[in-house]
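*Asks:* can't give you the sequence, but here's the structure:
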């Protein structure tokens, strides 16, 4: 497992745990600034304010530290009870918005970390599998209830996951290109976290329920309410 790979003996004492925590916090800072590929051990120890030689007392190597730090980072998104703490029961728009807001905040506040996650996933199969497993767990709250939401559809577990995965995957692509890659075609107008989260949620909601979310819920995307196909009979008129 990724998170357990760096459990070194030197961290068993209170002092050791504090030193490991300082190195992990420092690694987050350095990765945000430089990215995973450019980060060096000396950068981490300097940021942590510890001697370079102490690094190997707590971590096997730089990649071991990175795997643990990024593994912890992505694991924070799995606490559904915290995510939905203030969401009214049965309000599907607010539920989807709460989940999307968490993801958008991660991209907006930590684009360097999100870039590092993508970099590490490209070269480490174990971490890539962990990332996919995390993504699937994030969708589990929805796919588990989809058969009840849409009984007439007769969804199998796989079909429910494919629908949720496709909709969520489109949002992830937008976030990556907006915050990490800074794709010029979509960054000309700056969006606040709330605006981006609402945009992705409206698209997700429309794709899932095949209808617009309640108009009273929308602040930044009211125009999307008017994106409807014109019936053939109306076109003839």
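*Replies:* Cool, the structure landed. Every value quoted in this text rests on a predicted model; they were computed, and no experiment measured them.
*Asks:* C-alpha only now, for contacts and for neighbours.
*Replies:* Will do.
*Asks:* list the buried residues for stretch 87-102?
*Replies:* Buried residues in stretch 87-102, counted by 16 or more other CA atoms under 10 Å: 87, 93-101.
*Asks:* now pLDDT, distance to residue 210 and secondary structure too, for those residues, in a markdown table please.
*Replies:* Listed next are the buried residues of stretch 87-102 as a markdown table, based on pLDDT from 0 to 100; distance: CA to CA, whole Å; DSSP: H, G, I helix; E, B strand; the rest coil:
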| residue | pLDDT | distance to residue 210 | secondary structure |
| --- | --- | --- | --- |
| 87 | 90 | 22 | coil |
| 93 | 96 | 13 | helix |
| 94 | 95 | 17 | helix |
| 95 | 93 | 17 | helix |
| 96 | 94 | 15 | helix |
| 97 | 95 | 17 | helix |
| 98 | 93 | 20 | helix |
| 99 | 91 | 20 | helix |
| 100 | 94 | 19 | helix |
| 101 | 94 | 22 | helix |
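*Asks:* which one of the residues you listed is nearest residue 111?
*Replies:* residue 101 (14.8 Å; CA to CA).
*Asks:* name the residue closest to the centre of this structure, please.
*Replies:* Taking CA atoms, centre = their mean, the centroid of the chain lies closest to residue 103, which sits 4.0 Å from it.
*Asks:* next one: the helix or strand harbouring that residue to chain centre, how far?
*Replies:* Residue 103 belongs to helix 92-109 when elements are defined using DSSP states H and E. Distance of helix 92-109 from its chain centroid, counting by CA atoms, centre = their mean, to the nearest Å, is 9 Å.
*Asks:* helix or strand right after it?
*Replies:* helix 111-123.
*Asks:* tell me which residues of stretch 126-139 are tucked away?
*Replies:* So for stretch 126-139, counting by 16+ other CA under 10 Å, buried means 127-128, 130-131, 134-135, 138-139.
*Asks:* in helices, which of the residues you listed fall?
*Replies:* Judged by DSSP state H, the buried residues of stretch 126-139 include 127-128, 130-131, 134-135, 138-139 as members of helices.
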